[in-house]
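**Q** whatever this is, show me its structure:
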Amino acid sequence: MKIDMIEIINFTDYPIRENFLKRVTGGILKKEGKDSFRVSISFVNPKEIKRVNKEHRKKDEPTDVLSFNWEDLGEILICPDQVEKNIQEEETTQEEETTKVLIHGVLHLLGYDHSDIMKEKQDQYFQQFFNSTNF
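**A** Just a heads-up that it's a prediction; the model follows:
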């Protein structure tokens, strides 16, 4: 039974391009050999991501992205306020940084940890999806 579902919920005022985010997420999952998948991507405020980060990672601070593999669902939380901080530090655009943290989150769902392989894949997918799309 094949199930492909990518759900995006924006609990913030942060502007998102839902179809693009779905295309990136689904594209990576398919390229990584996932024939069926269910992923929920939520954009949340700093208070919420800090709460979840503390509960699950014992880190009492907000972060830009968190990923969780539940039994039959991958969940990604993105905090736009933290993404905005990254933009200023990295001197990138909102679209670039949102794409980077999404890719990072998807790769964590697939089991990658912070390694050279993950960094290479992150860069590869960013080049493939971001640079091939007109913003």
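**Q** just the element for the one residue sitting closest to the centre of the chain, please.
**A** Against the mean C-alpha coordinate of the chain, by Cα atoms, centre = their mean, the closest residue is Leu102 at 2.3 Å. For Leu102, the element it lies in under DSSP states H and E is helix 94-109.
**Q** distance from the chain centre to that helix, please.
**A** From the chain centre to the centre of helix 94-109 is a distance of 4 Å (Cα atoms, centre = their mean, to the nearest Å).
**Q** again with stretch 68-87
**A** On Cα atoms, centre = their mean, the centre of stretch 68-87 falls 5 Å from the chain's centre.
**Q** what about it, average pLDDT?
**A** The pLDDT scores in stretch 68-87 average 94.
**Q** okay, the closest residue to Pro15 other than its chain neighbours: pLDDT?
**A** Residue nearest to Pro15 in three dimensions, not counting chain neighbours: Gln94, with 7.8 Å by Cβ to Cβ, 6 or more residues apart in numbering. No exception for glycine: its C-beta is placed from N, CA and C like everyone else's. We have a pLDDT of 91 for Gln94.
**Q** can you check Asn134 too?
**A** 43.
**Q** which non-adjacent residue is nearest Ser67?
**A** Nearest non-adjacent residue to Ser67, counting by Cβ to Cβ, 6+ apart: His108, 3.8 Å away.
**Q** what do you get for Met5?
**A** Per Cβ to Cβ, 6+ apart, closest to Met5 is Arg38, 4.6 Å.
**Q** might you report the residue contacts of Val24?
**A** 99, 102-103, 106, 125, 129 (Cβ atoms under 8 Å, 6 or more residues apart in numbering).
**Q** of all these, which comes closest to Glu61?
**A** Leu102 (20.5 Å; Cβ to Cβ).
**Q** now the closest residue to Val106 other than its chain neighbours: how far from Glu89?
**A** The shortest distance from Val106 to any non-neighbouring residue, by Cβ to Cβ, 6+ apart, is to Ile28 (4.9 Å). For Ile28, the distance to Glu89 (Cβ to Cβ, to the nearest Å) stands at 24 Å.
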